[in-house]
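structure of the sequence below:
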Amino acid sequence: MIINDLEIYKLSIDLATSIYSTTKHFPKDETFGLVSQMRRASISIGANISEGFGRSSKNECIRFCKIARGSLKELEFLILACKKLGLVNNSNFNILSNKIRNLGVKSYNYLISVKNNN
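Here you go, the predicted model:
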């Protein structure tokens with residue numbers, strides 16, 4: 001299997017591009033605040049999935065998958081904060097939340113499969 005075949009890898013790229021598109025329209029005074037934080041968190045998800053996939057040990061793969069899931073939770077909080085601040089409308093919030101939730105479920109399932117794979 002190659003990384004491009006991994007569903008959570010594809011979903012993480014889709015989520016990151018959605019975050020970049022969404023934050024492109026944020027106020028300029030958020031460039032070094034929420035925009036930067038959200039973009040870093042979204043990129044961290046896919047980067048850690050990739051790094052874990054490329055590691056030679058199961059324990060390292062699990063560790064990087066857990067880091068990716070932590071970044072996903074961080075992004076979930078940031079999206080909610082943006083909704084409360086009026087930076088993200090309800091429709092976009094729902095789209096991003098569904099992507100985050102879907103990736104969360106699938107990354108958890110991937111983590112379990114790695115743990116159970118001998």
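
in this protein, mark out all the helices, start to finish.
Using DSSP state H, the helices of the chain run over residues 7-23, 36-54, 58-84, 90-116.

tilt between the last one and helix 58-84?
In terms of direction (axes from the mean of the first three to the mean of the last three C-alpha atoms, to 10 degrees), helix 90-116 departs from helix 58-84 by 170 degrees.

what's the answer for the first one, then?
Regarding helix 7-23 and helix 58-84, their directions subtend 30 degrees when assessed with the same axes, to 10 degrees.

export helix 7-23 to PDB, keeping only CA atoms.
What follows is helix 7-23, C-alpha atoms only, in PDB (Å, rounded to 0.1, in the frame of the first residue of the first chain):
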ATOM      1  CA  GLU A   7      -8.400   7.200   2.900                       C
ATOM      2  CA  ILE A   8      -7.500   9.300   5.900                       C
ATOM      3  CA  TYR A   9      -4.600  10.800   3.900                       C
ATOM      4  CA  LYS A  10      -7.000  11.800   1.200                       C
ATOM      5  CA  LEU A  11      -9.500  13.200   3.700                       C
ATOM      6  CA  SER A  12      -6.700  15.200   5.500                       C
ATOM      7  CA  ILE A  13      -5.700  16.900   2.200                       C
ATOM      8  CA  ASP A  14      -9.300  17.700   1.500                       C
ATOM      9  CA  LEU A  15      -9.800  19.200   5.000                       C
ATOM     10  CA  ALA A  16      -6.500  21.200   4.800                       C
ATOM     11  CA  THR A  17      -7.500  22.700   1.400                       C
ATOM     12  CA  SER A  18     -11.000  23.600   2.800                       C
ATOM     13  CA  ILE A  19      -9.400  25.300   5.800                       C
ATOM     14  CA  TYR A  20      -7.100  27.300   3.500                       C
ATOM     15  CA  SER A  21     -10.100  28.300   1.300                       C
ATOM     16  CA  THR A  22     -12.100  29.300   4.400                       C
ATOM     17  CA  THR A  23      -9.400  31.300   6.100                       C
END
